[in-house]
Every structure is written in structure tokens, then in C-alpha cells.
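>>> sequence first, predicted model second:
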Amino acid sequence: MVSRSYSNLLELASGESPSFGRMSRRIPRIMTVPGIISDIDDDPSESVCSDRSSSSVQKDRIILVANELPIRAERKSDNSNNGGSSSSSKGWIFSWDENSLLLQMKDGLGDDDIEVIYVGCLKEEIHLNEQDEVSQILLETFKCVPTFLPPDLYSRYYHGFCKQQLWPLFHYMLPLSPDLGGRFNRSLWQAYVSVNKIFADRIMEVINPEDDFVWVHDYHLMVLPTFLRKRFNRVKLGFFLHSPFPSSEIYKTLPIREELLRAFLNSDLIGFHTFDYARHFLSCCSRMLGLAYESKRGYICLEYYGRTVSIKILPVGIHMGQLQSVLSLPETEAKVAELLKQYCDQGRTMLLGVDDMDIFKGISLKLLAMEQLLLQHPECQGKVVLVQIANPARGRGKDVKEVQEETYSTVKRINETFGKPGYDPVVLIDEPLKFYERIAYYVVAECCLVTAVRDGMNLIPYEYIISRQGNERLDKVLGLEPSTPKKSMLVVSEFIGCSPSLSGAIRVNPWNIDAVADAMDCALAMAEAEKQLRHEKHYRYVCTHHVGYWAHSFLQDLERTCREHVRRRCWGIGFGLSFRVVALDPNFRKLSMEHIVSAYKRTTTRAILLDYDGTLMPQGSIDKSPSPKAIDILNSLCRDKNNMVFIVSAKSRKTLTEWFSPCDKMGIAAEHGYFLRLKGDMKWETCVPAVDCTWKQIAEPVMKQYMETTDGSYIEDKETALVWCYEDADPDFGSCQAKELLDHLESVLANEPVTVKSGQNVVEVKPQGVSKGLVAKRLLSTMQERGMLPDFVLCIGDDRSDEDMFEVISSSIAGPSIDPRAEVFACTVGKKPSKAKYYLDDTADILRLMQGLASVCDQMLSVLA
């Protein structure tokens, strides 16, 4: 419980609690005395980041964080007895919630492998006076850390932002009108951020940041990774989204879209149930943040400010042990016998649906398909029964009432139309069932129908498959021999997360009523042998991909992703929810003006190599020609006869000659160094032997084909190279076309003396052996021939083509072409993995640096004059 609330989101999102040092491995007592949430200092240097202290070797500990704890809480009555696996306070009885995924994960991981701490809310409201005692009991007995929220804050966070705004949007419902999902409400967003910060504060009380793993679950806590990453830059953090992730066209309508994406990316590992969900997320990162993903040895990764964020695609499984133990209960056997008498003994075949009563589960569509089945196949009337178990909706509002009213009216109409004395074609069960009762329905049902219009995962089909496998005691109840092959049939929606993993199911578009009715008929009429084969295939998958396998696999990947933490230097940048951590090699640091100016003054012979696009000129500029300020800077540096200044660009020599005609003392390398000119009054020469460009006759038609089919792309024809540019095309389509074009060109040019490379929004074909590294070698060798061993080398570039220059400069330090005491500065633009040892943030930083050097150069020349 907090004693104040935030009305200003910037104040909230940019706050931080006091720094926490290393904590003891022992879990401390929970601090539950209500107090004020302290503001976070927005200075990124205040965040805990770079300590590498070692910890004692003990078994791993993981903190599982979700909206709800795996705990049942009941108000104690005067005559209640406390027994079993429960614990109690003066007013409450607590016990494990066996249906909670968090608890099932713990069982799946095994007690000996890992220690688990749970952080989340209780389903019941606990009075302020009882919170301290309840926290102590839950921590000591269940290793649970409760997060207490004021009722009004919880309502705005959960029933407001989560259920009325995030949940509909993530299920593809746009708020086109006030009735279709909640429109964005900033006060609800503030409540959401407030709750996420309270969760972060609770985690802070128990975390050992250097050793513990933190695994956050679902869309209720999507900005929590930002708060945790700000407190501890090296926190080992995984996030799993259990809901769908919508396509970029849907997601980008969210006003806080970038804040949520950046919060996701503050995790080390992000998990999704299906590739579709992951693909949509990656597309959003590409379109909104300009981040491209790559596959490294089968792992999908994003590079985010030097940190590797991995993507995990694996659907969750079920708890096999729990399900099999329920199947063995006498109550289950009795219920199965009751249902057999009620349906099978009456010559009726049961179709089963188990869904929450909400707008996305498609209950009404399923009922319409049942109606269509009875119309098209009169022989099914009196013989086929659809039992629809409707669980209470988790949200609340007008949409839930509308679904209930439509469901009741449709059931009533079908039963009045097709019903007979003693026969109702649809049996609606809208009261809560015990788990063993639901399992009994699975055992008896001939086919299970899951026709949700959108669902993150849905484990009902998995439960149905295991239940149909049964056990020996249930076989006796069903009148089956132990050796009888088992069978099951599934009709599942294409739009649910479990559909891709159930290849033997009949997949349907739930909106196509006729197709669903035909699928139901197909499931009933299918040959027994085919049903058995499909069941066997599904059973093998569900048995091996259980919740323990899922949890182990996720944690294994999380551990692998976090191995690089200790080898990286980390610090935080950005304010509020734009906070992110830069993680770089310990030797990689920002190039300071003072450092390089001091080195410039101490030295006498200097080599300066500068890339152009993305270095002296921003990549997104429409007018690419150099500014008068840039020309003045370059001329100032060139006036010192001891300076050798070179522009090294991919542009053509014609373009560079026009742009830099005022810089007659400056060297220019065009087309990645194929053409080179030491000064404006000298002739152009080549760094490699002259090449035959007849290969263009092969490559140009191929590039034109891709240009015509990719809107926004164009071809740049240089003297020795061809470049297909797609910076103005759709990023996803352009990237896809670039990969295809790369493969196509490599194939048709396999016997030509050229290389095909992809760069930043380009695919380029150029002569073999041409690279910017040749320019660096040529410059250093020319200076050596003239007896000018440089004692100051500055090389700046922004993309992978410039890495060749950095490599040559670095490898030449101990060679004869550079003074042994030389000051060498290889500098890249932006914080990213590079062979350079220095970086500057952007082109503005580069120009400031060059302006500083030019001013020093002018001063030194004026003194000599």
C-alpha cells in the first residue's frame, strides 16, 4: 500500500528508489510498513550498473513475477480448522492454487534444481492493518512476496488499462467507437505505470541482482523491465507474453507504442507462444524503432544499444502430473460414469466446448455452427449434443453482458428448434465446475471444439488429449480393454496459439460458420484408425512439451543470453520510460574532445580518414551535399601541410569532385576506394587493377526487376558498382526483397569477379578486393614513402564498410607505417559493436569534434605565422 499517488506520469516514470547494494543470499524479511514511494533520480549515473563482485556458489534462484500470486486466500471463519498444505493468520487461511501456471512451473522445474520466489497480488483485498502479518506468513511459508494495491488503483490498472485497453487491442480490436474496446485514457495509463513501479519496489526487497534471475509474465507488467533495468543495469531478466502480439498495423495505433516496445527491450529474453506473435513484435521494432533482427545459430536476436535481446518462440505446456492425478481420483471416475449414463447410454455423442464467457472465445459462432450442422445433417438430431462449459469472464463490462445475452438466446433458439422430449442439442453449463468435473467431460467427449476468434494460447486441447488417453481405471469405467488404442478429435481455430503445434487437428476459420459445421461433421464421421493416429501424434507432443519442459527451455535460454553481462561495461541513458542500458566492451569508450585535442597538439604528422554518409552527413538527409561549415572545417585541417586528410565514400568520383571542389588540398576516395585522388590537382588512380564491367549487363536487369516490384527503391549506377537502395521502401518488404535480391545476384554473378554485399538499406555489387581498408593502407604507405610517419591517426565511420578501415588502422599500430608512439583514434558513430575503440553519438558530435580540431589547427598555424 502506498500513501501517495502520482498525477504526473513524467514524475512517476523517471523516478528511482535509493540504490541497493549487494544483498545477502538469504531472503530478507519483507518491508511492509506503508510509506511514500521515493522519486527516482533521473541521472542515469545513479543506477546500479557495473560491479562485478562474485557471489557464493549456491543453487540458482529465480523470481517469478505475475499479476496474481499462486495463492488462494480465504477469510477465516470462527470454527475453521487449519490443515493440509495451508497456513493462516488471525483472519486468513492461505493455500496453494494448483491451477496457477506459476506453481505448475515450480513443480516442473523440480525442487532440487532451483529456488523460486513469487511476486504478485492476492485475489483478495487485505486490510492495511493485516498486511505486515500476511506478508510475513506468505514469505516464510510460501516464499511469496505480496504486492498490495489500493482498490481504486488496482481497478484502474487491471479492469481499466489492462482489460479495457491493452487486452482488446492485443486481440485485434480497435477502439473505433467507445463501444469497441476502451479508447486510450492517460489516467489509466498512469495507474498502469504506477502499479508496475510498485511491483519493481517489491522485487527490490528480495532480489540479489548479480545472481538472481527474474521472469516477468504477461501484459499486466510490460513496463516493469524498464524499472528493474534502471535499478540494476545487469539484472538477468526474462519476459513472456501469454497473449497475442498484434500486427504492426494494429499495434501502432497505441499512443504509448514506443514506451512499451522499449520496455520489452529492457528484458534479456522475450518469449512468445508462436512465430506469428514474435514476427509481429519484430516488425514493430523495425518500423517504429529502426531495429533489425538476425538469426545467430538458430537464435533470433536484436541488437539494442550493445545489448543482445533474444527472442524465444515456444508454446507453454500443461502440468502432466496434476492432470494425471486428477484423472485417478475416485470423484473423476464417478463423474465419468454419470456422464456415460447421461449421454452415451442414451445413444448420444458428445461434442465439447470449454471457454471463458468473453467476446474473443467465439462461443456464439460455435453455437451457430452447431445449428448449421443440425440443419445440414438431420440424422444428427437426437444423436449429437454440444456441451458448452462457459467459465466466468475475467473482465467486466458491457461486452461481457452482450456475450452472455447472445449466448443464452442462441442456445434457447437451437433447443426450441431441434430439441425433443429428453433431448437438448445444446447443454450450456454456466456455473463454475470443479477441475475433476471438467476432466470427466473431456474423457467422455468424442470431439473438442475450440473456436476462439483470437486467443494467446489456450490449453484446453492439451488437457483434452491427455484426458482421452486416460488410465486403466478409467478404461474399466469406459468398458475398454487396456490394449485398446485411444482416440480423440479436435476442431481448433486458426487464430489460437496452440493451433500450430496441433498438426492433426481440423483447423477452421471460426468466422466461416459453414466450414466449422463441416469440420464438426468430418470429426464425427472420420474413420476410427485415423482418429487413433491423430490422437497418438498429439499425445506424443503434449507429453514431451509439458510445462516443465517449457520452463526449463526458457530459463536455459535466459541463462545463455545473460552470460555476456559480466564481460560488458554498462551504463544507463535516457529518462523516464525511454530509459535503456548501453552495454559495450570495456575498452570501448566515448571519444572526448579534451583527449583528442590534447593529442592533436602534442603531435606533428597526422592522418585523418573520414567517411561521409552517416558520419559528416546524417543518413536521413535529403540534400546530401556538404554544408559550408563542413567545407570550412576540412579546409582548415588541410591548411596544415603536416595533415593528410581523406574523405572515403561509396559515392561516385563525379559527385565527390563536385561537392568537394573547394577542398583542393584534400584527398578523396570514391566508390569504397576503387578510385583515389591524393589532392585536387592530381589525377585519379585506382587501388586495384582496372576491371571489366560487363557483369553490369547481367546484374542491372535483375536489379531493375526488384526496383519495379519494390515501391520506394531505386538503382544507383556508378562507374564500377551497382547499388540497389531501398531506404524509402516499406522496411519489412524492403528487407525481404533485399535478401532475395542478394541471393539472386550471388547466383547469377557466381562466375564474375565481383562481390555482392548488403549494407544499410542497400544491396551493392562491386569489384572483388575493393574496400575502404585499401584506402587506409594506401594513405599510410604514401606517408611512409614521403618520410612522414604519422604520430596521430584519426579514422571515423558509421557502418560495416568502415570496419575495414578500423581493422587496417588497428593492425598497423605495431607496424612500420605508423610512429610507435602514435596516438590512434578509430571511432564509430553510435554505440554498437565495432572494431573501433571509440564512439561518438551522432553526426552532430562528429562535426563538433572536427570543429574543435579545426580551431586548434588554426590557432597553431597563427602562432607559427
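Perfect, I can see it now.
>>> against residue 65, how distant is the residue nearest in space to the middle of the chain?
Within the chain, the residue whose C-alpha comes closest to the C-alpha centroid is residue 270; the distance, by Cα atoms, centre = their mean, is 4.3 Å. Shown here: residue 270 relative to residue 65, a distance of 15 Å by Cβ to Cβ, to the nearest Å. Backbone N, C-alpha and C define where each C-beta goes, glycine included.
>>> ok, back up a step: name the element the residue nearest to the centre of the chain belongs to?
Counting by DSSP states H and E, the element that carries residue 270 is strand 269-272.
>>> helices along the stretch 651-800 of the chain, start to end?
According to DSSP state H, counting those that start in this stretch, the stretch 651-800 of the chain carries its helices in the segments 653-659, 696-709, 731-748, 772-785.
>>> equivalent analysis for the stretch 451-600 of the chain, please.
Counting by DSSP H, counting those that start in this stretch, the helices of the stretch 451-600 of the chain are 460-469, 472-478, 513-525, 528-544, 547-562, 593-602.
>>> buried residues, the shortest one. List them.
Buried residues in helix 472-478, counted by 16 or more other Cβ atoms under 10 Å: 474, 477, 478.
>>> just how off-centre is it within its chain?
From the chain centre to the centre of helix 472-478 is a distance of 45 Å (Cα atoms, centre = their mean, to the nearest Å).
>>> what's that helix packed up against?
Using 3 or more Cβ pairs under 8 Å, 6 or more residues apart in numbering; DSSP states H and E as the contact criterion, the secondary-structure elements in contact with helix 472-478 are helix 330-342.
>>> just want the angle from the next helix or strand after the helix it packs on to helix 513-525.
Scanning the chain past helix 330-342 towards its C-terminal end, the next helix or strand to appear is strand 349-356 (assignment: DSSP H and E). In this structure, strand 349-356 runs at an angle of 130 degrees to helix 513-525, with axes from the mean of the first three to the mean of the last three Cα atoms, to 10 degrees as the basis.
>>> got a list of contacts for the next helix or strand after strand 349-356?
As assigned by DSSP H and E, the chain's next helix or strand after strand 349-356 is helix 363-376. Counting contacts by Cβ atoms under 8 Å, 6 or more residues apart in numbering, the residues outside helix 363-376 that touch it are 351, 353, 355, 357, 380-381, 384, 386, 388, 390, 403, 406-407, 410-411, 413-414, 417-418, 425-426, 449, 451, 453, 510-511, 513-514, 516-517, 520-521.
>>> again, only this time at 6 Å
353, 355, 380-381, 386, 406-407, 410, 414, 418, 449, 451, 510, 513, 516-517, 520 (Cβ atoms under 6 Å, 6 or more residues apart in numbering).
>>> follow-up on the earlier one: so of the helices of the stretch 451-600 of the chain, which one's packed in deepest?
For the helices of the stretch 451-600 of the chain, the largest average neighbour count (mean count of other Cβ atoms under 10 Å) is found in helix 460-469, namely a mean of 24.
>>> so what's the model's average confidence on that one?
Regarding helix 460-469, the rounded mean pLDDT is 96.
>>> show me what that helix is packed up against.
In terms of contacts (3 or more Cβ pairs under 6 Å, 6 or more residues apart in numbering; DSSP states H and E), helix 460-469 is packed against helix 435-444, strand 447-450, helix 528-544.
>>> may I see these arranged in CSV, with distance to residue 601 as well?
CSV is the format used below for the helices and strands packed on helix 460-469 (distance: least, Cβ to Cβ, whole Å):
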stretch, distance to residue 601
helix 435-444, 78
strand 447-450, 74
helix 528-544, 68
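>>> show me the one of the ones you listed that comes nearest residue 251.
Closest approach to residue 251 among the helices and strands packed on helix 460-469 (Cβ to Cβ): strand 447-450, 25.1 Å.
>>> what pairs with that closest one, parallel or antiparallel?
strand 349-356 (parallel), strand 490-493 (parallel) (DSSP bridges).
>>> so which of these is the most surrounded?
Scoring these by mean neighbour count under mean count of other Cβ under 10 Å gives strand 490-493 as the most buried, with a mean of 25.
>>> gap between that one and the chain center?
The mean C-alpha position of strand 490-493 is separated from the chain mean by 28 Å, Cα atoms, centre = their mean.
>>> for the closest residue to residue 442 other than its chain neighbours, give me its contacts.
Closest residue in space to residue 442, ignoring its immediate chain neighbours: residue 467 at 3.5 Å, by Cβ to Cβ, 6 or more residues apart in numbering. With contact taken as Cβ under 6 Å, 6+ apart, residue 467 is in contact with 439, 442, 443.
>>> ok so, going back, please identify the deepest-packed of the helices of the stretch 651-800 of the chain.
For the helices of the stretch 651-800 of the chain, average neighbour numbers computed from mean count of other Cβ under 10 Å are highest in helix 772-785, which has a mean of 21.
>>> so where's the chain uncertain?
Counting by pLDDT under 70, the chain contains low-confidence residues at 1-58, 78-86, 88-90, 111-113, 179-182, 395, 831, 865.
>>> ok, residue 652 touching residue 717?
No. Under the criterion of Cβ atoms under 6 Å, residue 652 lies out of contact with residue 717, with a separation of 8.8 Å.
>>> which of those two has more neighbours?
In this view residue 652 and residue 717 are compared by other Cβ atoms under 10 Å, and residue 652 has more residues nearby, 18 against 11.
>>> got phi/psi on that one?
Main-chain torsions, residue 652, degrees, to the nearest 10: phi -70, psi 160.
>>> counting neighbours, what do you get for the closest residue to it other than its chain neighbours?
The spatially closest residue to residue 652, leaving aside those adjacent along the chain, is residue 718, at 4.7 Å (Cβ to Cβ, 6+ apart). When neighbours are counted by other Cβ under 10 Å, residue 718 registers 23.
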